[in-house]
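Enquirer: Give me coordinates for this.
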Amino acid sequence: DIGANTGQSIDRFKKLFNKSKIYSIEPSKHAFNKLKKNYNNKKDIFLYNCAIGDKNQKKFFFDYENNVLSSFNKLNKQNRLKNRFNKQIVSVLTLDNFCNKNKLKNIHILKIDTQGNETNVLKGSNKSIRMGIFNIIELEIIMGDYYEKYSNFYEIEKYLVNNNYRLVALDKKLNFFNDKRLYCNALYIRKDLYKKL
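Expert: Numbering: from 1, shown residues only. Purely as a prediction, here's the structure:
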């Protein structure tokens, strides 16, 4: 659960898979404190106050007051005026490194919601993706006018399609004129599992 925020995905996954183990990663100090308050005593939920990216490093992070917006990317000028933030330094690990440290050999669902940092997460999980340790990858893609930098399908597909993953679902119709954020959640599945659907 990369980009756990305050636990929305934990609740969703626990309703669907009540015996699952969840590794929740959240760099925002404010959001992480809420995570700890709600889930710290759960034996099958593991909480990490760090970020996942393309290399192991320390990096500036924009922790917005509306913490669902918190990101390594700055909101564009128009949206920045409405949203105050603290700039903080956070520890960043690659997903390859995180999986290795935690001895994770198979992950049923990898969820990535990092407000525009998804490509860096994928870059830092190159070895794990090539090995196919993730059965399903769910990620948010923001292609619209919200942050100074936006994502695109080409960058995502470059890592996933070329490494035997296939797009199977988008959760909404996209229309820039209805919502300038132009974002959706995309679901990818390993090609060998796709053939069994």
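
Enquirer: Phi, psi for Ile45 please.
Expert: Note on Ile45: its backbone torsions stand at phi -120, psi 120 [degrees, to the nearest 10].

Enquirer: residues in contact with it?
Expert: For Ile45, the contact set (CB atoms under 8 Å, 6 or more residues apart in numbering) comprises 10, 21-22, 24, 39. C-beta here means a position set from N, CA and C on the backbone, and glycine is covered the same way.

Enquirer: Where does Glu157 sit: helix, strand or coil?
Expert: Recorded secondary structure, Glu157: helix (DSSP: H, G, I helix; E, B strand; the rest coil).

Enquirer: tally of neighbours for it?
Expert: Residues within reach of Glu157, counting by other CB atoms under 10 Å, total 15.

Enquirer: can you tell me how far the residue nearest to it when sequence neighbours are not counted sits from Leu139?
Expert: Take Glu157 and drop its neighbours on the chain: the residue closest to it by CB to CB, 6 or more residues apart in numbering is Leu167, 7.6 Å away. Using CB to CB, to the nearest Å, Leu167 is found at 11 Å from Leu139.

Enquirer: do the same with Gln8
Expert: With CB to CB as the criterion, Gln8 and Leu139 are 15 Å apart.
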